[in-house]
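Engineer: Need the 3D shape of this:
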Amino acid sequence: ELAHRRFASDQVVAALREQVEILTRMSPGRRLLTNHYLGDAALDCRAAGRLTGLVGHDNYPHGATGPYDVGFRHDLCRGLADGAAPWVVEQQPGPVNWTATNPPVPPGLVRLWGWQAALHGVDTLLFFRWRAGRFGQEQYHAGLLRHDASPDRGLHEAVQLAQELRNSPAGLLRRPAARIAVTYSYDDAWALEIDPHLAGLTHRELVLAAHEAAARCGEDVDVVDPERDLTGYAYVLAPALHLCTPGRVAALEAALDAGAIVVLGPRSLVKDGHDAWLDEPLPGGLAGRLGARVTDTLTEPTGTVRVTPYDAPAGPWTDVYDELADDVQVLATYTGGWLTGRAAVVRRGGLVAAGFASADAWTALLAALLDVEPAPAGVEVFRREGAQVSIDWRNLTLSYDADDEMRGAEGLGGVSCASHGASPMLPRRQE
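Structural biologist: Next comes the predicted model:
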């Protein structure tokens with residue numbers, strides 16, 4: 001079945017390639033953009049994105065699982081074309097009509113969605129739609145204008161957002177080079193859709209846990225192909241890097257040899273490139289270097305198993321490590337039933353293997369490796385040149401703290417900016 005998923009995706013990419021060739025021949029000199037829906041894994045969007053080098057996606061937060069999922073999609077979009085600045089081709093401007101419940105959009109939330117996109121490195125943001133439709137199937141879908149063409153709240157917030165971004169110090173919107181790479185592969189996503197081991201579990205859910213950890217620790221992230229060069233990163237997080245290929249193992253070992261800390265998540269390096277279980281100790285290709293092996297691959301849907309000393313749930317998947325070499329460190333253990341005391345996280349040199357799958361456990365582990373205090377769940381932290389911006393999605397606030405150089409003429413620092421109709425509360429760009 002994995003071969004069929006690849007074939008079906010390749011057919012779509014081939015059709016897109018033909019369109020690119022026709023447009024390039026008939027309208028030379030124009031930049032072409034491929035636009036993606038990144039809420040599922042039906043298509044290898046990385047292969048499609050490479051056709052043009054300029055990529056965008058449709059950002060409808062009400063169709064995502066939460067703000068961290070939205071942030072992940074922005075970072076994934078940037079990685080589809082090897083780091084090119086992504087576009088948002090359709091940005092949700094207010095309530096939509098196609099989710100199960102279609103909840104309201106509180107005042108200020110459209111503005112925060114725009115700030116989140118900008119801080120994740122989005123280059124261009126376009127709203128859909130300009131005016132609410134009077135006909136057809138999307139009559140309940142908001143636009144920047146209402147049905148009668150009067151300005152809706154989304155338009156006022158879009159104008160406010162544009163003014164704030166225009167007046168912000170240049171360094172605030174200059175995304176730094178990421179120290180952390182999170183691996184993401186459509187092959188892995190397809191393999192886990194075929195055989196999830198726990199009904200409803202997705203590869204995206206497992207990757208989001210690690211990506212959320214980085215967001216709460218104030219780290220920008222590159223979402224990357226696991227076979228690309230990883231030697232430029234200080235940390236490589238590989239949650240559910242399911243398939244084991246020579247290229248993947250070589251990329252991880254090169255990163256380790258270059259001094260990176262590599263963290264494998266549960267069910268990593270388990271099957272070969274054809275989705276067949278390996279006939280060697282797990283994690284495949286790296287068990288010898290790790291000095292430990294996975295002895296139990298479990299599902300944990302009850303939520304009763306926890307990770308000590310992190311005091312966090314283990315999450316839906318639970319790998320257990322055993323047969324440890326003498327120089328292997330046990331960084332965390334499980335608590336709950338017969339798993340109590342069994343190794344949940346082991347480390348040997350720069351290679352770390354974590355058997356848990358929850359975002360809270362990932363956050364605790366990453367914070368310990370980085371030696372930082374993480375933000376609570378529901379908060380994204382962005383560190384920029386001399387400044388820190390935090391979006392608290394629990395109460396819809398944007399907080400800004402800066403050193404003297406970044407504060408600007410107003411001497412602003414440590415201000416919490418309530419999203420609900422508040423003024424920009426940001427220092428003006430110094431001309």
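Engineer: Distance-wise, check the closest residue to residue 339 other than its chain neighbours relative to residue 220.
Structural biologist: Closest residue to residue 339 apart from its sequence neighbours, by CB to CB, 6 or more residues apart in numbering: residue 305 at 5.7 Å. The C-beta positions use only the backbone N, C-alpha and C, and glycine is treated the same way. Applying CB to CB, to the nearest Å, the value for residue 305 to residue 220 is 32 Å.
Engineer: Where does the prediction get shaky in the stretch 101-250 of the chain?
Structural biologist: The stretch 101-250 of the chain contains no residues with pLDDT under 70.
Engineer: quick one: the helices in it?
Structural biologist: Remark: helices assigned in the stretch 101-250 of the chain by DSSP state H, counting those that start in this stretch are 109-119, 153-167, 186-194, 203-216, 246-257.
Engineer: Ranking these by mean neighbour count, which comes first?
Structural biologist: helix 203-216 (a mean of 26; mean count of other CB atoms under 10 Å).
Engineer: Can you give the distance from that one to the centre of its chain?
Structural biologist: Helix 203-216 has its C-alpha centroid displaced from the chain centroid by 6 Å (CA atoms, centre = their mean, to the nearest Å).
Engineer: other SSEs contacting that helix?
Structural biologist: Applying 3 or more CB pairs under 8 Å, 6 or more residues apart in numbering; DSSP states H and E, one finds that helix 203-216 makes contact with helix 67-80, strand 180-183, helix 186-194, strand 221-224, strand 235-238, helix 359-370, strand 379-384.
Engineer: show me the residues around residue 173 that make contact.
Structural biologist: The neighbours of residue 173, taking CB atoms under 8 Å, 6 or more residues apart in numbering as the test, are 118, 119, 165, 384.
Engineer: go with 7 Å
Structural biologist: 118, 165 (CB atoms under 7 Å, 6 or more residues apart in numbering).
Engineer: any idea how far it is from residue 189?
Structural biologist: Distance from residue 173 to residue 189, by CB to CB: 31 Å.
Engineer: Equivalent analysis for residue 387, please.
Structural biologist: Taking CB to CB, one finds residue 387 at 35 Å from residue 189.
Engineer: hang on, the earlier thing: could you give the number of residues near the residue nearest to residue 339?
Structural biologist: Applying other CB atoms under 10 Å, we find 21 residues neighbouring residue 305.
Engineer: Could you check how far it is from residue 374?
Structural biologist: Taking CB to CB, one finds residue 305 at 21 Å from residue 374.
Engineer: How about residue 97?
Structural biologist: 37 Å.
Engineer: Kindly report the same for residue 196.
Structural biologist: 28 Å.
Engineer: neighbour count winner among the two?
Structural biologist: Counted by other CB under 10 Å, residue 196 and residue 374 do not tie: residue 374 has more neighbours, with 21 against 17.
Engineer: so that one touches residue 363, yeah?
Structural biologist: Yes - between residue 374 and residue 363 there is a contact under CB atoms under 7 Å: 5.0 Å.
Engineer: got any residues that touch both of the two?
Structural biologist: Common neighbours of residue 374 and residue 363 (CB under 7 Å, 6+ apart) are 216, 217.
Engineer: what's near enough to touch the residue nearest to residue 339?
Structural biologist: 314, 318, 334, 336, 339.
Engineer: Would you point out which residue is most central in this structure?
Structural biologist: Among the residues of the chain, the one closest to the centroid is residue 72, at 2.3 Å (CA atoms, centre = their mean).
Engineer: Apart from its neighbours in sequence, what residue is nearest it?
Structural biologist: Nearest non-adjacent residue to residue 72, counting by CB to CB, 6+ apart: residue 211, 4.8 Å away.
Engineer: need the contact list for that neighbour.
Structural biologist: 68, 72, 182, 221.
Engineer: That one and residue 283, how far apart?
Structural biologist: From residue 211 to residue 283 the distance is 20 Å (CB to CB).
Engineer: and if you look at residue 394?
Structural biologist: Taking CB to CB, one finds residue 394 at 36 Å from residue 283.
Engineer: between these two, who's got more neighbours?
Structural biologist: Ranked by neighbour count (other CB under 10 Å), residue 394 and residue 283 place residue 283 first, with 29 against 11.
Engineer: Correct me if wrong: the more buried one contacts residue 268.
Structural biologist: Yes - taking CB under 7 Å as the definition, residue 283 is a contact partner of residue 268 at 5.3 Å.
Engineer: Ranking by neighbours, what's the top pick from the contacts of residue 305?
Structural biologist: Going by other CB under 10 Å, residue 314 tops the contacts of residue 305 with 29 neighbours.
Engineer: ok, now which ones touch that residue?
Structural biologist: 300, 305, 306, 307, 334, 356, 357, 358, 361.
Engineer: Go again with 8 Å.
Structural biologist: Residue 314 touches 300, 305, 306, 307, 334, 336, 344, 355, 356, 357, 358, 361, counting by CB under 8 Å, 6+ apart.
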